[in-house]
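A.B. asks: need a 3D model of the sequence below.
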Amino acid sequence: MTLRRRLVLSIVALVVAVSAVIGAVSIIALSSIQTGAIDKQITSATHRAQRYLEQNQSGQPGIDLSRPSGQAAGTLTAYFVDGQVVVANVLDDYGRPSGITQSSAAALGTVRVGAEPATVDLGGDTGRYRVAAVTVGPAVLVVGLPMAPVYDSVWKLFGVVVVVVAAALLAGSIVAAVVVRRSLRPLERVAETASTVARMPLDRSDALDGVRVPDTDPRTEVGRVGSAFNRMLGHIAGAMQARERSEQKVRQFVADASHELRTPLASVRGYAELTRRMGGDLPKDVVYAMSRIESESIRMTSMVEDLLLLARLDEGREIQFAEVDLTGLVLDAVNDAHAASPDHVIEIDVPPSPVVVVGDAARLHQVIVNLVTNARTHTPEGTRITVGIAPADGGVDLTVRDTGQGIDAEFLPKLFERFARADSSRSRTVGSTGLGLAIVDAVVQAHGGSVAVASVPGDTVFTVHLPVDPSAASADPAAGADASVDWSATPAAVDATH
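C.D. replies: Numbers count the residues shown, from 1 in each chain. Here you go, the predicted structure:
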């Protein structure tokens with residue numbers, strides 16, 4: 001249940017409870033007040049009936065016990081001698097006495113003499129009466145007044161209370177909903193701002209610029225929360241800017257260092273090669289040392305080139321878009337892999353017609369080469385490697401599948417990180433810098449695509465998704481879903497093994 005609903009229900013419940021309590025107290029008070037008034041009337045009526053009977057017992061002529069004088073309409077009078085009722089009647093609206101039933105009279109006989117007035121149910125049409133009993137000589141006089149007027153007033157008040165409570169419920173609900181909604185608007189704006197920040201990709205230092213909570217009144221609780229939230233966003237933005245500056249410095253250092261290392265590495269490689277070729281009279285160990293220097297300089301040059309490429313990709317450079325025949329790149333990469341690793345079974349699975357995408361041919365070729373090299377380098381001889389192309393989601397899926405021993409599941413989340421190497425998951429027949437898959441990820445992202453991997457023992461698949469047109473996909477995400485490639489034939493597996 002939301003906070004707004006809880007507050008509205010709490011306010012409405014409080015209003016209804018207060019109204020109900022006030023109504024109940026009013027009903028009880030009215031009943032008590034009217035009952036007290038009737039008790040006073042009973043006392044007066046008892047005194048009148050008592051004087052009337054005393055006059056009768058004194059022998060005054062003209063006294064009729066069945067017609068007590070001076071009593072109000074509805075007054076009940078009963079006269080008991082030795083426990084037997086002598087007279088029991090009720091005066092009507094015209095002051096005429098009418099008798100009551102034997103059962104009603106018997107109920108009056110149970111009233112205690114001298115006690116406070118009590119309510120007795122006489123049954124039938126007589127109903128409830130408020131009665132009191134006194135002694136008059138040897139007899140007992142019981143006088144009562146009807147409780148019907150009291151009950152009528154109480155029920156009428158009860159109806160009024162019900163109407164008032166219902167009106168209070170309706171009005172309280174409306175007022176509470178309006179008040180709570182207006183009161184919670186600042187808190188909703190805080191929640192909306194937090195949701196906006198949660199949905200934002202915080203990969204740029206300026207991502208949080210202009211994202212602030214407008215309610216910062218220090219006199220209110222929500223204002224203090226908003227102010228604290230804004231300060232937190234400011235700290236996060238500052239930390240992001242500091243991180244970006246630090247990363248920029250690192251990227252610049254890597255780019256500068258890589259660029260500066262290319263010249264001395266080329267010199268080392270050149271002199272080593274020159275010495276090896278001209279050293280016919282040199283000892284064999286010196287010639288071997290020169291060959292190793294040349295080999296390691298080539299390896300180090302490759303690493304420097306990879307670092308320089310990653311640094312330039314981080315800066316948004318090195319990508320030149322044009323139409324690229326992806327099928328031709330796959331065929332070239334597979335043919336090169338056959339020459340480099342004849343002991344692997346390498347196949348292709350591409351459509352018969354060329355697959356054309358917009359991208360950088362050199363970089364996409366490097367992606368394919370790196371994935372195929374990764375598959376053949378980290379799998380044993382005889383492993384089957386399949387490179388395929390297929391349409392998917394308005395773009396192209398390039399897959400490289402191998403039947404090797406798979407990749408450790410714990411290593412998969414960091415597989416595309418730089419310098420990441422899983423020595424225990426795949427056999428390493430040759431050294432690796434750990435930059436190949438990082439370059440794949442960087443190049444694919446620069447093309448507006450994505451790369452994923454799924455691996456179980458005996459089946460490892462790298463999937464590169466490329467949009468047909470990166471610029472159209474980035475401008476309108478829905479456009480990529482509507483784009484189509486006319487591949488009339490069903491892709492067929494082509495065996496490219498030797």
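
A.B. asks: low pLDDT regions in the stretch 251-400 of the chain?
C.D. replies: Residue ranges of the stretch 251-400 of the chain with pLDDT under 70: 251, 254, 259, 279-280, 314-318.

A.B. asks: what is the burial count for the nearest residue to residue 136 once chain neighbours are set aside?
C.D. replies: Leaving out its chain neighbours, the residue that sits closest to residue 136 by C-beta to C-beta, 6 or more residues apart in numbering is residue 53, at 4.7 Å. The C-beta positions use only the backbone N, C-alpha and C, and glycine is treated the same way. Residue 53 has 21 neighbours, counted by other C-beta atoms under 10 Å.

A.B. asks: what sits against residue 354?
C.D. replies: For residue 354, the contact set (C-beta atoms under 8 Å, 6 or more residues apart in numbering) comprises 325, 326, 327, 328.

A.B. asks: tell me which of these fall in helices.
C.D. replies: 326, 327, 328 (DSSP state H).

A.B. asks: secondary structure class for residue 150?
C.D. replies: Three-state call for residue 150 (DSSP: H, G, I helix; E, B strand; the rest coil): helix.

A.B. asks: that one: what's it in contact with?
C.D. replies: 31, 34, 35, 38.

A.B. asks: am I right that the first one is in contact with residue 154?
C.D. replies: Put plainly, it is residue 31. Yes - at 5.2 Å, residue 31 counts as touching residue 154 under the criterion of C-beta atoms under 8 Å.

A.B. asks: immediately after whichever strand or helix holds residue 187, which helix or strand?
C.D. replies: Element membership for residue 187, per DSSP states H and E: helix 148-199. Using DSSP H and E, the helix or strand that follows helix 148-199 towards the C-terminus is helix 221-278.

A.B. asks: heading C-terminal from that next one, find the next helix or strand.
C.D. replies: helix 284-314.

A.B. asks: now the helices for the stretch 351-498 of the chain?
C.D. replies: 361-377, 436-446, 470-475, 477-482 (DSSP state H, counting those that start in this stretch).

A.B. asks: where does pLDDT dip in the stretch 1-150 of the chain?
C.D. replies: In the stretch 1-150 of the chain (pLDDT under 70), the answer is 55-70.

A.B. asks: one more pass at 50, please.
C.D. replies: 59-63 (pLDDT under 50).

A.B. asks: remind me what the strand or helix carrying residue 31 packs against, helices and strands.
C.D. replies: Residue 31 belongs to helix 3-57 when elements are defined using DSSP H and E. Contacts defined by 3 or more C-beta pairs under 8 Å, 6 or more residues apart in numbering; DSSP states H and E place helix 3-57 against strand 128-136, strand 139-146, helix 148-199.

A.B. asks: for the residue nearest to residue 276 when sequence neighbours are not counted, grab the count of nearby residues.
C.D. replies: Spatial nearest neighbour of residue 276, excluding adjacent residues (C-beta to C-beta, 6+ apart): residue 290 at 4.3 Å. For residue 290, the neighbour count with other C-beta under 10 Å is 20.

A.B. asks: go on, residue 246?
C.D. replies: 10.

A.B. asks: with residue 467 instead?
C.D. replies: 25.

A.B. asks: just list whatever residues bridge to it.
C.D. replies: Under DSSP bridges, the beta-bridge partners of residue 467 are residue 395.

A.B. asks: quick one: it and residue 396, what's the gap?
C.D. replies: 8 Å (C-beta to C-beta, to the nearest Å).

A.B. asks: and what of residue 418?
C.D. replies: Residue 418 is 26 Å from residue 396, by C-beta to C-beta.

A.B. asks: residue 412 too?
C.D. replies: From residue 412 over to residue 396 the distance is 23 Å, taken as C-beta to C-beta.

A.B. asks: try residue 274
C.D. replies: From residue 274 across to residue 396, the span is 46 Å (C-beta to C-beta).

A.B. asks: who's more crowded, those two?
C.D. replies: residue 396 (22 against 12).

A.B. asks: ok, back up a step: nearest to residue 184 among the contacts of residue 354?
C.D. replies: If you rank the contacts of residue 354 by distance to residue 184 using C-beta to C-beta, residue 326 comes first, at 54.7 Å.

A.B. asks: tell me which residues touch that closest one, please.
C.D. replies: Contacts of residue 326 by C-beta under 8 Å, 6+ apart are 354, 355, 356, 357, 364, 389, 396, 398, 466.

A.B. asks: next: residue 27.
C.D. replies: 154, 157, 158, 161.

A.B. asks: isn't residue 187 right up against residue 224?
C.D. replies: No - Residue 187 is not in contact with residue 224 according to C-beta under 8 Å; the separation is 11.7 Å.

A.B. asks: more neighbours, these two?
C.D. replies: Using other C-beta under 10 Å as the criterion, residue 187 and residue 224 rank with residue 187 on top: 18 against 14.

A.B. asks: what's the spacing between residue 457 and residue 344?
C.D. replies: Per C-beta to C-beta, residue 457 is found 18 Å from residue 344.

A.B. asks: so between those two, which is more surrounded?
C.D. replies: Applying other C-beta under 10 Å to residue 457 and residue 344 shows that residue 344 carries more neighbours, namely 22 against 10.

A.B. asks: thought that one was touching residue 380?
C.D. replies: No - taking contacts as C-beta under 8 Å, residue 344 lies outside contact range of residue 380: 9.0 Å.

A.B. asks: buried ones among the contacts of residue 354?
C.D. replies: Among the contacts of residue 354, those classed as buried by 16 or more other C-beta atoms under 10 Å are 326, 327.

A.B. asks: ok, so of the contacts of residue 354, who is nearest residue 298?
C.D. replies: So of the contacts of residue 354, ranked by how close each gets to residue 298 (C-beta to C-beta), first place is residue 328, at 27.5 Å.

A.B. asks: ok, for that closest one, nearest residue in space, not its chain neighbours?
C.D. replies: In space, residue 328 is closest to residue 354, 6.9 Å off (C-beta to C-beta, 6+ apart).

A.B. asks: tell me the phi and psi of the one you found?
C.D. replies: Per-residue torsions, residue 354: phi -60, psi 140 (degrees, to the nearest 10).

A.B. asks: what about it, distance to residue 438?
C.D. replies: Relative to residue 438, and taking C-beta to C-beta, residue 354 is found at 29 Å.

A.B. asks: cool, and residue 395?
C.D. replies: Residue 395 is 22 Å from residue 438, by C-beta to C-beta.

A.B. asks: returning to that earlier point: widest-spaced pair of the contacts of residue 354?
C.D. replies: 326 and 328 (7.3 Å).

A.B. asks: still on that earlier bit, ok, the residue nearest to residue 136 - contacts?
C.D. replies: With C-beta under 8 Å, 6+ apart, residue 53 has these contacts: 65, 79, 136, 137, 139, 141.

A.B. asks: Throw these into CSV and include neighbour count and distance to residue 306, thanks.
C.D. replies: Formatted as CSV, the contacts of residue 53 follow (neighbours: other C-beta atoms under 10 Å; distance: C-beta to C-beta, whole Å):
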residue, neighbour count, distance to residue 306
65, 16, 128
79, 22, 124
136, 18, 125
137, 11, 129
139, 16, 126
141, 23, 121
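
A.B. asks: what's the closest of those to residue 243?
C.D. replies: Using C-beta to C-beta, these come closest to residue 243 at residue 141, 102.7 Å.
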